[in-house]
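Undergrad: for reference, the sequence and a predicted model appear below.
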Amino acid sequence: MLYPWLTELAAKLTAQYQQARLHHGLLITAPTGFGKRQLAVQLAQNLLCEQVNQAKAQLACGQCKACHLFAGQVHPDYLMLEDENAKSIGVDLIRKLVVKSQQKSQLAGAQVYIVPDCERMTEASANALLKTLEEPGQQKFIILTSAHPSRLLPTIISRLQQYKITPPQTDELTTWLNEQQLTSDEFHKVYPKLIASPLLTVDYINNGMQQAQQAFLQGFKALLAGKLTAAEFAQEFNEDKVFQQLEWLEYAASAWLENKLKTSQADTADSAVIRLKISDLYQQVTQCKQLMLQSGMNKKLLFSGLCSRMRQILVTG
């Protein structure tokens, strides 16, 4: 079942295909926890289906030969390009896509290739994909997904039609939340803090992460109060959850500054300083995230340096 916030975009893209208007190269972007991969897989099945069910929001019928082959993961005109054991998408994987795209459709229909987390492509593999993106051939579609599209080569971006998944409003999720056995109130308490990511929010609640966040932010408050040094607070660093920790810091610090902004008079020197601090804060966190995405970087050292700079930003001036 497709997540409710994805159905409209899936139906739109499927309709474009049926009207022969769908671009051959698609880039679906959103932060982690929005269901990019599921959307790409559902769209692939829709394009391959012999009889899309228009009465059900343009979803694949699930009954035809193509749908049975797809469900069994043996559809000859479909390829999910990934290697779970590899940290990057290398040239050999891309060449597998290129070779398959040069073959004729075995079922005389569309051919669909998915490259999930495409920002993991090396420069060599991205360049190997360029020619296929330029001239893929009739009825051949390449779907890329990414949480970090800014890391893609401009030459790749220029050959793709981009679609961004936007955060759904909580009132759109009532039925889905009931299926997750969550109330709207408990969901809404967490949802804005996690870049409005529905799947991360559910995982966060189900795995008791509120307690972990509260403990982490207590340490951050102690850092701001001078009760902990940046080096001491950096002991809270968790490499597996570091990007989530950065989001917690970003949210908590900006909320603290915005609360100060509310208590200051508009257009005063104090409010201008606070606005500058908010801007500086986001810039520091963004730069830290970008550096951490680079291979070979010492994430704990970057985290410690960020904590030190954040304290300077928040407690000076």
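TA: Ah, there it is.
Undergrad: rest of the way, CA atoms for contacts and neighbours
TA: Fine.
Undergrad: okay, now the unreliable bits of the stretch 51-200 of the chain?
TA: 54-57 (pLDDT under 70).
Undergrad: just the strands in the stretch 51-200 of the chain please.
TA: Ranges of strands within the stretch 51-200 of the chain are 78-80, 111-115, 140-146, 161-164, based on DSSP state E, counting those that start in this stretch.
Undergrad: paired strands for the longest one, with orientation please.
TA: Read that as strand 140-146. According to DSSP bridges, strand 140-146 forms sheet pairs with strand 25-29 (parallel), strand 111-115 (parallel).
Undergrad: and for the first one?
TA: The strands that strand 78-80 pairs with in its sheet are strand 111-115 (parallel) (by DSSP bridges).
Undergrad: got a list of contacts for the partner strand?
TA: 40-41, 44, 47-48, 77-82, 97, 101, 105, 139-145 (CA atoms under 8 Å, 6 or more residues apart in numbering).
Undergrad: and what of stretch 276-295?
TA: Here stretch 276-295 has contacts from 243, 246, 250, 253-254, 257, 297-299, 302-303, 306, 309-310, 313-314, using CA under 8 Å, 6+ apart.
Undergrad: out of those, which comes closest to residue 175?
TA: residue 243 (29.6 Å; CA to CA).
Undergrad: just to revisit the earlier point, can I get the buried part of the contacts of strand 111-115 as one PyMOL selection?
TA: Those of the contacts of strand 111-115 that count as buried under 16 or more other CA atoms under 10 Å are selected in PyMOL with:
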select buried, resi 40+41+44+47+48+77+78+79+80+81+82+97+101+105+139+140+141+142+143+144+145
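Undergrad: helices along this protein, start to end?
TA: For the chain, the helices defined by DSSP state H cover 7-18, 36-48, 65-71, 91-101, 123-134, 154-157, 174-179, 184-190, 198-206, 209-224, 230-233, 242-263, 269-292, 299-315.
Undergrad: elements contacting the fourth one?
TA: Right, the one you point to is helix 91-101. Packing partners of helix 91-101 (3 or more CA pairs under 8 Å, 6 or more residues apart in numbering; DSSP states H and E): helix 123-134.
Undergrad: quick check: angle from the helix it packs on to strand 25-29?
TA: 130 degrees (axes from the mean of the first three to the mean of the last three CA atoms, to 10 degrees).
Undergrad: in helix 123-134, what's buried?
TA: Result for helix 123-134 [16+ other CA under 10 Å]: buried residues 125, 126, 127, 128, 129, 132, 133.
Undergrad: got the residues you listed as JSON lines, with distance to residue 273 columns?
TA: Conversion of these to JSON lines gives the following (distance: CA to CA, whole Å):
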{"residue": "125", "distance to residue 273": "45"}
{"residue": "126", "distance to residue 273": "43"}
{"residue": "127", "distance to residue 273": "45"}
{"residue": "128", "distance to residue 273": "48"}
{"residue": "129", "distance to residue 273": "47"}
{"residue": "132", "distance to residue 273": "50"}
{"residue": "133", "distance to residue 273": "47"}
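Undergrad: nearest to residue 185, of these?
TA: For the buried residues of helix 123-134, the nearest to residue 185 is residue 126 (43.9 Å; CA to CA).
Undergrad: if I look at that closest one, how far off is residue 291?
TA: Between residue 126 and residue 291 the distance is 21 Å, computed by CA to CA, to the nearest Å.
Undergrad: hang on, the earlier thing: filter the contacts of stretch 276-295 to the buried ones?
TA: 243, 246, 250, 253-254, 257, 299, 302-303, 306, 309-310, 313-314.
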